[in-house]
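K.L.:
Need coordinates for the below:
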Amino acid sequence: MHTGSVTPPAPKATSMANDNTRPAVIVTGASAGIGRAIAERFLAAGHPLLLIARDAARLEVAAQAMRAIATGLPVHTLALDVTAADAAERIDAALARAGLAAGILVNNAGIGLGGPLVDQEIGRASCRERV
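P.N.:
The predicted structure follows:
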């Protein structure tokens, strides 16, 4: 009987060409850090991805690295500031172009207001409600 701790499997190379059985995952803030790490884990689990970040060049570097690991799984990108007024429409259009339906959203974009909520101006806080 095993009583030690269990370590989750590390991401590994995946080949699941045209596998549409797993829901698509949208990851904001996906070009680096936690967002990129989360995207890599979902990719290793066989999910198609839509990666979103503001910096198109950094986003494409991350996407290329993921495509090299997971041959056959779609990794799509959208360079976008998610605070833009038309962000939801642009994400929806990107999903449609890719032939994907959103299944999971990891909202990891680095946005927010600094300081205690009670100290925030109402106008500044309400502009974030679109996200």
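K.L.:
helix/strand/coil for His47?
P.N.:
Of the three states, His47 takes coil under DSSP: H, G, I helix; E, B strand; the rest coil.
K.L.:
how about it, what does it touch?
P.N.:
Residues in contact with His47 (CB atoms under 8 Å, 6 or more residues apart in numbering) are Arg22, Pro23, Ala24, Val25, Leu73, Gly103, Ile104. C-beta coordinates here come from the backbone N, C-alpha and C atoms, glycine included.
K.L.:
Who are the contact partners of the spatially most central residue of the chain?
P.N.:
For the chain, Val27 is the residue whose C-alpha lies nearest the centre (CA atoms, centre = their mean; 1.0 Å). Val27 is in contact with Gly35, Ile38, Ala39, Phe42, Leu49, Leu50, Leu51, Ile52, Val106, Asn108, counting by CB under 8 Å, 6+ apart.
K.L.:
how does it look with 6 Å?
P.N.:
Val27 sits next to Gly35, Ile38, Ala39, Leu51, Val106 when contact means CB atoms under 6 Å, 6 or more residues apart in numbering.
K.L.:
Make sure the fourth one is indeed in a strand.
P.N.:
Yes: remark: Leu51 belongs to a strand, assigned using three-state DSSP.
K.L.:
Which residue is the nearest non-sequential neighbour of it?
P.N.:
Closest residue to Leu51 apart from its sequence neighbours, by CB to CB, 6 or more residues apart in numbering: Ala30 at 3.8 Å.
K.L.:
mind checking the SS state of that neighbour?
P.N.:
Secondary structure, three-state DSSP: Ala30 is coil.
K.L.:
do the same with Leu78
P.N.:
Judged by three-state DSSP, the three-state class of Leu78 is strand.
K.L.:
what about the nearest residue to it once chain neighbours are set aside, helix or strand, and which?
P.N.:
Nearest residue to Leu78 in three dimensions, chain neighbours excluded: Ala94, at 4.5 Å (CB to CB, 6+ apart). In the assignment (DSSP states H and E), Ala94 maps to helix 87-98.
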